[in-house]
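1. got a sequence here, can you model it:
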Amino acid sequence: MIEVETLPGGIVSIDVTGKLDKTDIELVITELDAARETHGKISVMVDLTGFAGMTADALIADLRYGFSHLSELDHYERIAVLTGHDWIETLVWLEGKLFRRIDIRCFKPEERQRARAFANGMEVPRAETAPGIVRVPSDRANMLAFRITDTVRAADAKAIMGFLKDTYARHDKIDLMVIIDELDGFDPAILFDTGTWSTKAQSLSHVGRYAVVGGPDYVRRTAAFMGTFIPVEIRAFARDEEDEAWAWLNAGPLLAG
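-> Residues are numbered from 1 along each chain as shown. This next block holds a predicted model:
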């Protein structure tokens, strides 16, 4: 279920509860388009406290709208997201890095007033934690690359799994790359762990090549060891061999690392 209201000042308030379907997404699209038509520039406040996922049709409708409006990002000023889920915070942080023209910020469920103030253009101090894993956009739609920059939280791993599952749904085979700049308090097995054994088996059937770049020697040894008994072509590269890893995957980064 979803409730949408356009508030004074061109702020679109969206409250989400339960699982969203295509009708919910279409309602949001209609309200956003109407608000942009009336106000020119708008801000959005989304309450995802009660969010429980979305149907496949809803996801497709959401993605289609998002991609078709990439050229209209200048119509959005700020987006405030209320959530109690760490993995959603991580995804919002990643989106903020990709869409730098929009100021996107996460708030805890009890911070509704701060979120409303932020959406209204007021200065609100940041209280968010940057993730230890960030996505590196590549020039191949069926290839995912991630960079480890700090201590990896459980929420980071969940966010990455979200990207993987979405990509599996759209491509039969994908390639993966993990670039390790810094590694602290992180079990290297997480690079190969996708949850339950049934999920692992399903995921591995979609992976063609897997490049691991950098990190301590034991990480590269683990990668080589795993490659001996799983149906994925895994290759470990030294930190100064990142260009070779991209070439091995026939891909390249869209943004400078």
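2. test my guess that residue 144 contacts residue 163.
-> Yes - contact status for residue 144 versus residue 163: in contact at 6.1 Å, counting by C-beta atoms under 8 Å. C-beta: built from backbone N, CA, C; applies to glycine.
3. which neighbours do these two share?
-> Common contact partners of residue 144 and residue 163 (C-beta atoms under 8 Å, 6 or more residues apart in numbering): residue 135.
4. neighbour count winner among those two?
-> residue 144 (24 against 15; other C-beta atoms under 10 Å).
5. so where do the helices sit in the stretch 151-257 of the chain?
-> Secondary structure of the stretch 151-257 of the chain (DSSP state H, counting those that start in this stretch): helices located at 154-170, 197-204, 217-226, 242-248.
6. tell me which other helices or strands the last one touches.
-> Where contact means 3 or more C-beta pairs under 8 Å, 6 or more residues apart in numbering; DSSP states H and E, helix 242-248 is packed against strand 174-180, strand 207-214, strand 233-237.
7. let's have those in TSV, adding mean neighbour count and mean pLDDT.
-> Listed next are the helices and strands packed on helix 242-248 as TSV, based on neighbours: other C-beta atoms under 10 Å; pLDDT from 0 to 100:
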stretch	mean neighbour count	mean pLDDT
strand 174-180	22	88
strand 207-214	22	88
strand 233-237	19	88
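8. can you lay out the ones you listed as TSV showing distance to residue 103?
-> Shown next, in TSV, are the helices and strands packed on helix 242-248 (distance: least, C-beta to C-beta, whole Å):
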stretch	distance to residue 103
strand 174-180	27
strand 207-214	32
strand 233-237	36
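9. right, and residue 135 touches residue 148 too?
-> No - with contact defined as C-beta under 8 Å, residue 135 does not count as touching residue 148 (11.3 Å).
10. those two: which is more packed in?
-> Neighbours per residue (other C-beta under 10 Å) separate residue 135 from residue 148, with residue 148 holding more: 24 against 19.
11. lowest average confidence, helix or strand, in the protein?
-> In the chain, no helix or strand scores lower on mean pLDDT, DSSP states H and E than helix 197-204, which sits at a mean of 53.
12. helices and strands around the longest strand seen in the chain, which ones?
-> Ranked by residue count under DSSP state E, the longest strand found in the chain is strand 42-54. Using 3+ C-beta pairs under 8 Å, 6+ apart as the contact test, the elements touching strand 42-54 are strand 11-20, helix 22-39, strand 76-82, helix 112-119.
13. deepest of those, which one?
-> strand 76-82 (a mean of 22; mean count of other C-beta atoms under 10 Å).
14. and that one, average pLDDT?
-> Strand 76-82 shows a mean pLDDT of 86.
15. which residues does it contact?
-> Here strand 76-82 has contacts from 41-49, 88, 92, 101-109, 111-112, 115-116, 118-119, 121, using C-beta under 8 Å, 6+ apart.
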